[in-house]
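K.L.:
the sequence and its predicted three-dimensional model are supplied below.
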Amino acid sequence: MNEFRAIAIVACVLIGLFFTLVSTVGVLRLPDIYTRAHTASQADTLGAGFALAGVALAIGTDATAVKAVLLLFFMFVTNPTAAHAIARAAHEDGIVPWATEDGAEGAHSGAGAEDSGTVPADSGGDVQ
Amino acid sequence: MRQNAGDDDRGNAPAAGRSVLVPVGPSSTLRETIEYVVDSALDSHETGTADAPTDGASEDRSADASGAPDGRSEAVSAGSDEADGTADVDSAHHDSRPVVHFVYVHAPDEFDPADETPELDDAEELLDRVRVWAEEDAGGEDRIEIRTDTVGKDQYLFSPADVAATLIDAARARGAGRIVLDPEYDPGIGAPLLRPLAYELSRDATLSIEEAPVQQRVRRAPLVGRSSARRIGALTGLSFLFYQVLAGAVSPFDLVTGSITAIVVAGTLSRISLSRDPTPTQTPMRLVRFLVYVPYLLWEIVVANLVVAAVILDPRKEIDPTMVRIEPAVYGALPITSLANSITLTPGTLTVRVQGRELLIHTLLPSAREDLFDGSLERGVRFVFYGRRAMRIDSLSDRDVAEIVPSQGNDASGSNGGDGS
């Protein structure tokens, strides 16, 4: 039983790590502030989410586990608020969202969504 | 002759003082504000017809002008459209009495689909009362033109900036050059409003903003909001429970300190923490339904996370960022916030702006966009706040309240906005 719990805890932490890693890669790879805000929130939701689930499991049935759940709840309230604040500030500042056409250097082609390539590996020039 | 002498000066401030916009609400100084507005409108109207209002000698000439217009009006009325001197003389004619617009700004919380009418009736009643008072102050209907209207009904105004933008639009639409604020004015958005509102309004240079110099009653506490026994009770209970959860084991010591803390918290914060009374039937139901909604939301988040993770890690997959605009059928501050939060929590969709009930959302992938237009989160939020029957609603795209914003067509400041900012 204890072994099973240990495996579950390790699994939770590993999954949390995985999503945090994905989030980091996303922030590096994605082209502009809006798309990066999408992936940055992943680290908070599932990354921290699974890590906290692991913590709750490790603590067990103690009332302290409730605190881990509460932490998660507050994170789920504050994380989108922060992401929204960033996106809203960017929008108010007049930052035009990166569109697929921009990556293909055909800014006004209009049909670029399908024929342009993959996620650009490095187009950090859009937002410094 | 004197009218003509003042014409040049008038040209610098076209229509200033001729038409006034006043936001009204149920404030304690409303009556005095109306009196001031009507008086000043009549005053500036009379001096304006005689002379430039900036001219120090205008006092002397106003008497002269009041008798003059009848003889002249025919000669110049044709030029009344232009913002020059001819309009001044014409404005003394009976066709162009000074115009005062009273507008009622709707607060977002008034639009529960269930009880829409009472608040709207209140607004109509208030505006009727305002009209009667204003005409009484003017000394007759024919000396001044009173127009009343409501604004913001279809918008969700939740900050002083939103209210200011609405008022400026309203002033422009009605050709008003001056906005007078009641010092106690508050459209009920639940925040101290007048200072920031005056500031936001003053950023628009074409309008002149003025606070009515009326005697203010005793000021309320800076954080407005009403308190009630129910709110205090609910907050006390909530604080107490939270304290006990944090304390862990229940002991007499924790019970005593918890009670004291809860009472202090409720006593000090009840005016700002709850915006409406919790009801014994509805609030627990909402909480229960919220507990049902949370696992569903978590599931949606996990699925969306996996989809986005695949796109980020797989170089062959492409993103297609697009701005979309939706107008979900949820009403009021808390439901809109819940929906916007849920949308942002789900990777692939990010709420960028909230204007009225309208949400501007950045979507990363076509699949995320389809899910959004399908309205599953909207149904979830409707379920939490309005019950199970409210879930039966067509998808957003079927109701035609979802649209894709063209990538270059948003209101950003031009094509260079994407670089360097």
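P.N.:
Done, it's in. What you see is a predicted model; the values in this text were computed from it and never measured.

K.L.:
which parts of the stretch 201-350 of chain B are helices?
P.N.:
Using DSSP state H, counting those that start in this stretch, the helices found in the stretch 201-350 of chain B span residues B:229-247, B:252-273, B:282-313, B:333-345.

K.L.:
quick one: the third one to helix B:229-247, angle?
P.N.:
So that's helix B:282-313. 50 degrees (axes from the mean of the first three to the mean of the last three CA atoms, to 10 degrees).

K.L.:
coming back round to it: TSV for the helices of the stretch 201-350 of chain B, including distance to chain A?
P.N.:
All C-beta spots, glycine's among them, are computed from the backbone N, C-alpha and C. Converted to TSV, the helices of the stretch 201-350 of chain B look like this (distance: least, CB to the nearest CB, whole Å):
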stretch	distance to chain A
helix B:229-247	6
helix B:252-273	11
helix B:282-313	4
helix B:333-345	3
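
K.L.:
just say which of those is most tucked in.
P.N.:
Greatest average neighbour count among the helices of the stretch 201-350 of chain B goes to helix B:333-345 (a mean of 22), per mean count of other CB atoms under 10 Å in any protein chain shown.

K.L.:
name the residues that touch it?
P.N.:
Residues from elsewhere that reach helix B:333-345 (CB atoms under 8 Å, 6 or more residues apart in numbering or on different chains): A:41, A:45, A:76-77, A:79-81, A:83-84, B:108-109, B:156, B:158, B:190, B:275, B:297, B:301, B:328, B:330, B:349-351, B:354, B:357, B:359, B:361, B:372, B:377-378, B:380-382, B:384-385.

K.L.:
report the angle between that helix and helix B:282-313.
P.N.:
20 degrees.

K.L.:
backbone dihedrals for the residue positioned nearest the centre of chain A, both of them.
P.N.:
Residue closest to the mean C-alpha point of chain A, counted by CA atoms, centre = their mean, is A:Gln42 at 2.2 Å. In terms of degrees, to the nearest 10, the main-chain angles of A:Gln42 are phi -60, psi -40.

K.L.:
now it. Nearest residue, chain neighbours left out?
P.N.:
In space, and not counting its chain neighbours, A:Gln42 is closest to A:Ser23: 4.2 Å by CB to CB, 6 or more residues apart in numbering or on different chains.

K.L.:
how about that neighbour, secondary structure?
P.N.:
Of the three states, A:Ser23 takes helix under DSSP: H, G, I helix; E, B strand; the rest coil.

K.L.:
got the contact list for it?
P.N.:
Contacts of A:Ser23 (CB under 8 Å, 6+ apart): A:Thr39, A:Ala40, A:Ser41, A:Gln42, A:Ala43, A:Gly47.

K.L.:
mind putting those residues into a markdown table with secondary structure and pLDDT?
P.N.:
Listed next are the contacts of A:Ser23 as a markdown table, based on DSSP: H, G, I helix; E, B strand; the rest coil; pLDDT from 0 to 100:
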| residue | secondary structure | pLDDT |
| --- | --- | --- |
| A:Thr39 | helix | 83 |
| A:Ala40 | helix | 80 |
| A:Ser41 | helix | 76 |
| A:Gln42 | helix | 72 |
| A:Ala43 | helix | 71 |
| A:Gly47 | helix | 87 |
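
K.L.:
can you redo those residues as a markdown table with distance to B:Ala176?
P.N.:
Below are those laid out as a markdown table (distance: CB to CB, whole Å):
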| residue | distance to B:Ala176 |
| --- | --- |
| A:Thr39 | 47 |
| A:Ala40 | 45 |
| A:Ser41 | 44 |
| A:Gln42 | 49 |
| A:Ala43 | 50 |
| A:Gly47 | 53 |
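
K.L.:
and of those, the nearest to chain B?
P.N.:
A:Gln42 (5.2 Å; CB to the nearest CB).

K.L.:
hang on, isn't that closest one packed against B:Pro347?
P.N.:
Yes: applying CB atoms under 8 Å as the test, A:Gln42 and B:Pro347 come out as touching, 5.2 Å apart.

K.L.:
find the residues that touch each one of the two.
P.N.:
Joint contacts of A:Gln42 and B:Pro347 (CB under 8 Å, 6+ apart) are B:Asn305, B:Val308.

K.L.:
mind showing which ranges of the stretch 301-421 of chain B have poor pLDDT?
P.N.:
Low-confidence segments of the stretch 301-421 of chain B (pLDDT under 70): B:407-421.
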